[in-house]
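J.: Fold the following and give me the result.
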Amino acid sequence: MSGVLAMLRERRPAFNLLAAVACFSLLGFALYTQHYLGFQPCPLCIFQRIAVIALGVAFIVAAMVPGRARVGGIAASVLIGLVSVAGAVVAGRHLYLQSLPPRAPGEIGGCGAPLGHLWNVNPTGEFLAKVFRGTGDCSQVDWAFLGLPMPAWVLIWVLALGAAGVLVNWRTR
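T.: Prediction:
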């Protein structure tokens, strides 16, 4: 394991750029499912997209840290780790809502009102609180691959990329 990490550390900028490309590819797939397959994102989907974009940006920042910069590597690792955990929390909340039993017809889902309406009628703090409660669309599973819905794949990717990014960028003596 340490041999693989040593090899990746030597190629740290290339790894970070490849991880950023992976993040932006995930976003591209989300946009494909929205615009070509017709799946409309819920507020939690939007926040997962923001987390994936932020993770990609964090990898780009990490790629720009000079190879010998110990503090820069640690800062990049912390940034990647925090963004990854934030994305995992949102994806985990989305998975939780999808795991709840189906609603009765006409019953409002556990996610609340649409994102645009929440933004227009609520101050920022209340808006964020309501978005994290979700909308009626959050509990619906529209797409699955290998039996896992899209939020599960987001969770897997942000945790895997985040863990790899922290390990590769963390500076040890």
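J.: all helices of the chain, in order?
T.: 2-10, 12-35, 43-63, 70-99, 115-121, 124-133, 150-169 (DSSP state H).
J.: neighbours around S99, how many?
T.: The number of residues packed around S99, counting by other C-beta atoms under 10 Å, is 10. Every C-beta, even on glycine, is put in place using the N, C-alpha and C of the backbone.
J.: Now do it against L44, distance only.
T.: Plainly put, S99 is 13 Å away from L44 if you go by C-beta to C-beta, to the nearest Å.
J.: hmm, which helix or strand of this protein has the shakiest average pLDDT?
T.: Sorted by mean pLDDT, DSSP states H and E, the helices and strands of the chain end with helix 2-10, the least confident at a mean of 56.
J.: Low-confidence regions, this protein specifically.
T.: Where the chain drops to pLDDT under 70, the residues are 1-10, 67-69, 102-141, 143-145, 171-173.
J.: Neighbours of P43, how many?
T.: 27.
J.: L161 now?
T.: 25.
J.: Now for the closest residue to it other than its chain neighbours, how many residues are close by?
T.: Nearest residue to L161 in three dimensions, chain neighbours excluded: A19, at 5.3 Å (C-beta to C-beta, 6 or more residues apart in numbering). A count of nearby residues for A19, using other C-beta under 10 Å, gives 25.
J.: Would you confirm that A19 contacts F59?
T.: Yes. A19 is within contact range of F59, at 4.4 Å (criterion: C-beta atoms under 8 Å).
J.: Touching both of the two, which residues are there?
T.: 161, 165 (C-beta atoms under 8 Å, 6 or more residues apart in numbering).
J.: From F15, how far off is C42?
T.: The gap separating C42 from F15 is 32 Å, by C-beta to C-beta.
J.: Over to W170?
T.: 13 Å.
J.: So for these two, which sits in the more crowded spot?
T.: Neighbour totals were compared for W170 and F15, and F15 leads with 20 against 17 (other C-beta under 10 Å).
J.: I'm done for today, thanks for sticking with me.
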